[in-house]
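Asks: Turn this into a model:
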Amino acid sequence: MRGFVAACAALLAAGCGMTGRATAVDVDPRAWTQAAELAVENDDTLSLRDIALFVRCNVRFVEDSLTLRIATLTPDSLRCEETLRLGPAPGRLPSAVRGEILAPYRLRVRLPRSGSYRWQVVPTRPVAGIEAVGIRIEPSN
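Replies: Here you go, the predicted model:
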């Protein structure tokens, strides 16, 4: 019993020590065409972070690359829009979920405002086989 309690305490402590964040939203896997909005609340205006974008794809995703339009909206209403090209998807797997494509988006950035940062992500053309899109924010090394 003591071992079980110690293991639970260790898991809780490890979870509390995580400093990164990730958020994802589901998109239409038949034909993703609409913007997906990702939001992250920021309360640390000093730390440098690495931001990566990821998509989860299934066997219907047959493209060799994926170009996304990303609009960043800051808490003080500034807006920046740009494109990001994601490289090849991982090899085919027998499971329903084929894999995840992860692409660095910004390295060693500081989010200077407290509040909600939002990213609107949309493909430049309809694409099948994408199940979800997300953003991962981790402390820079």
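Asks: Partner strands of the longest strand anywhere in the chain, with direction?
Replies: In the chain, with assignment by DSSP state E, the single longest strand is strand 97-109. Strand 97-109 pairs in its sheet with strand 49-58 (antiparallel), by DSSP bridges.
Asks: Let me see the mean pLDDT of the partner strand.
Replies: Strand 49-58 carries an average pLDDT of 94.
Asks: Could you check how many residues crowd around residue 111?
Replies: For residue 111, the count of nearby residues is 21 (other CB atoms under 10 Å). Heads up, the C-betas are built off the backbone N, CA and C, glycines and all.
Asks: That one touches residue 42, doesn't it?
Replies: Yes. Counting by CB atoms under 8 Å, residue 111 touches residue 42, with 4.6 Å between them.
Asks: can you list residues touching both of these two?
Replies: residue 117 (CB atoms under 8 Å, 6 or more residues apart in numbering).
Asks: quick one: buried residues of the helix or strand following the longest strand of the chain?
Replies: As assigned by DSSP states H and E, the chain's next helix or strand after strand 97-109 is strand 115-123. Within strand 115-123, the residues that count as buried by 16 or more other CB atoms under 10 Å are 117, 119, 120, 121, 122, 123.
Asks: Check stretch 46-56 too.
Replies: 49, 50, 51, 52, 53, 54, 55, 56.
Asks: Give me the contact list for stretch 32-49.
Replies: Here stretch 32-49 makes contact (CB under 8 Å, 6+ apart) with 21, 23-25, 27-28, 71, 75, 108-123, 126-128, 130, 133-135, 137-140.
Asks: List the buried residues for that stretch?
Replies: In stretch 32-49, counting by 16+ other CB under 10 Å, buried: 32, 36, 38, 40, 42, 49.
Asks: What is the nearest of the residues you listed to residue 61?
Replies: residue 32 (9.8 Å; CB to CB).
Asks: Return the residues in contact with the nearest residue to residue 80 once chain neighbours are set aside.
Replies: With sequence-adjacent residues excluded and distances taken as CB to CB, 6 or more residues apart in numbering, residue 80 is closest to residue 72, at 4.8 Å. Listed by CB under 8 Å, 6+ apart, the contact set of residue 72 reads 79, 80, 81, 117, 118, 119.
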